[in-house]
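[1] the following block contains a protein sequence and its predicted model.
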Amino acid sequence: MSADALRAAIALLPVFVFLAALVQGDSYKLLRLRTVLALVVAGTVAAGLSYWTNTFVFARFAGDFVAYTHSVSPWIEEVLKAIVVVFLLRTRQIGVPVDAGIAGFAIGTGFALVENLYYLAARPDNPLPVQVIRGFGTAIMHGGTTAVLAMIAVTLYESRPDGGSLLLLPGLLAAVALHTGFNLLLVRPAVAVAATLVVLPVAVYFIFRHSELAVRNWVDEDFDSKMQLLESMHAGDFLDSPAGRYLRALSDRFSGEDRADMLCLLRLHGELALRAKGVLLLRESGIQEPPLDEETRGKLIELAALERAIGRTGMVALRPLLVASGKDLWQLKLLGRWS
């Protein structure tokens with residue numbers, strides 16, 4: 001093995017090990033391995049775009065390179081990584097901080113891979129310890145900042161699943177602040193790496209574990225509420241419940257046919273939500289879930305057809321009954337991916 005390859009391996013291997021530990025530590029295995037690898041590739045693409053963007057912007061920057069790395073490049077790099085996170089949020093590929101953290105770290109790992117290889121090629125004469133320390137610190141920094149960004153974003157989108165891009169801003173500001181702090185400390189690489197190792201992996205790990213506990217509690221609580229809803233529908237008591245009275249109160253805004261579609265959608269949504277939570281419980285127990293049956297596939301198709309028939313206004317009116325948080329929408333998307 002060449003000296004450059006050895007430096008790259010020493011700098012990057014621990015980061016891939018940490019990423020693998022996050023994937024393995026996920027009790028629910030929400031992201032498939034091929035998805036994680038695809039996100040690493042997406043991170044490398046973001047790094048390539050970052051190189052060209054930084055080259056273009058720096059050529060027009062009035063200050064020196066150090067000032068640029070402190071005030072401009074963190075914004076460019078974190079925004080490019082955040083674009084991938086936005087895509088995952090918009091397509092409901094991530095819905096809880098657990099999978100958001102893994103996805104963010106995978107994106108950052110791919111970004112760091114390209115950046116470190118470029119750094120090794122551009123400064124081959126730097127001593128091995130300096131290159132390894134800088135490379136390791138950069139890899140942890142990029143993985144950690146994007147993981148923090150993704151976890152903050154998915155937490156905010158949980159309460160406002162139709163929220164705009166502004167919900168991404170707090171996570172982006174946190175990522176840029178951490179990135180800028182790392183760059184400021186790079187005058188002393190060992191200090192930068194030490195600070196990064198103390199702050200980011202520990203923060204990601206504890207948020208990760210807290211999120212897993214929150215998901216477990218959500219599964220248990222929502223399972224009970226969906227069971228109560230379906231039992232009241234089967235017993236014919238639903239229209240006398242608070243939810244049923246709310247649905248009847250919509251008679252002045254929606255036709256009887258529309259309200260019948262709404263009632264059918266509520267039932268399907270509850271049945272599919274229970275199916276998704278059952279799969280999550282099986283995964284948490286380490287049991288492989290059975291293949292999705294044709295009946296459930298049909299329900300997913302029927303649910304999509306009802307959503308189109310009811311329309312956006314009707315879905316907004318139903319939101320108090322659907323409890324359509326980010327996790328509620330994500331779990332149905334997840335159930336569709338398992339098909």
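    Structure's in. What do you need?
[2] can you pull out the helices in this protein?
    3-25, 33-58, 65-71, 73-90, 97-122, 128-159, 169-185, 189-235, 242-248, 256-284, 294-322, 326-338 (DSSP state H).
[3] could those helices go into TSV alongside mean pLDDT?
    Conversion of the helices of the chain to TSV gives the following (pLDDT from 0 to 100):
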stretch	mean pLDDT
helix 3-25	67
helix 33-58	92
helix 65-71	90
helix 73-90	93
helix 97-122	85
helix 128-159	80
helix 169-185	90
helix 189-235	68
helix 242-248	77
helix 256-284	77
helix 294-322	79
helix 326-338	60
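[4] against residue 79, how distant is residue 62?
    Distance, residue 62 to residue 79, by Cβ to Cβ, to the nearest Å: 21 Å. Using the backbone N, CA and C atoms, a C-beta is placed for each residue, glycine as well.
[5] of those two, which one has the most company?
    residue 79 (17 against 6; other Cβ atoms under 10 Å).
[6] surely that one touches residue 173?
    No. Residue 79 lies out of contact with residue 173 (Cβ atoms under 8 Å); the separation is 11.4 Å.
[7] common neighbours of the two, please.
    Overlap of the contact sets of residue 79 and residue 173 (by Cβ atoms under 8 Å, 6 or more residues apart in numbering) is empty.
[8] CA atoms only for stretch 294-308, dumped as CSV, please.
    What follows is stretch 294-308, C-alpha atoms only, in CSV (Å, rounded to 0.1, in the frame of the first residue of the first chain):
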residue,chain,number,x,y,z
GLU,A,294,-51.9,-8.1,-1.9
GLU,A,295,-54.7,-6.8,0.4
THR,A,296,-52.3,-4.2,2.0
ARG,A,297,-51.0,-3.2,-1.5
GLY,A,298,-54.6,-2.7,-2.5
LYS,A,299,-55.3,-0.5,0.5
LEU,A,300,-52.3,1.7,-0.3
ILE,A,301,-53.6,2.2,-3.8
GLU,A,302,-57.1,2.9,-2.5
LEU,A,303,-55.7,5.4,0.1
ALA,A,304,-53.9,7.3,-2.7
ALA,A,305,-57.1,7.4,-4.8
LEU,A,306,-59.1,8.7,-1.9
GLU,A,307,-56.6,11.4,-1.2
ARG,A,308,-56.9,12.6,-4.8
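[9] may I see the buried residues of that stretch?
    Residues 296, 299, 300, 303, 306, 307 are the ones in stretch 294-308 that count as buried (16 or more other Cβ atoms under 10 Å).
[10] which residues sit in contact with residue 168?
    82, 85, 86, 89, 149, 153, 156.
[11] type out the ChimeraX command that picks the buried ones from those residues.
    Remark: buried members of the contacts of residue 168, expressed as a ChimeraX selection using 16+ other Cβ under 10 Å:
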select :82,85,89,149,153,156
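[12] domain map for this structure?
    3-210, 236-338 (automatic domain parsing).
[13] of all the ones you listed, which one is nearest residue 229?
    domain 236-338 (5.0 Å; Cβ to Cβ).
[14] number of residues surrounding residue 198?
    Counted with other Cβ under 10 Å, residue 198 comes out at 10.
[15] and residue 87, by the same measure?
    12.
[16] tell me how far the closest residue to it other than its chain neighbours lies from residue 160.
    Distances taken as Cβ to Cβ, 6 or more residues apart in numbering place residue 93 nearest to residue 87, at 7.7 Å, with adjacent residues excluded. Distance, residue 93 to residue 160, by Cβ to Cβ: 18 Å.
[17] so between the two, which is more surrounded?
    Shown here are residue 93 and residue 160; by other Cβ under 10 Å, residue 93 has more neighbours (20 against 12).
[18] may I have the phi/psi pair for that one?
    Main-chain torsions, residue 93, degrees, to the nearest 10: phi -80, psi -20.
[19] look up how far residue 45 lies from it.
    When residue 93 is compared with residue 45 (using Cβ to Cβ), they lie 17 Å apart.
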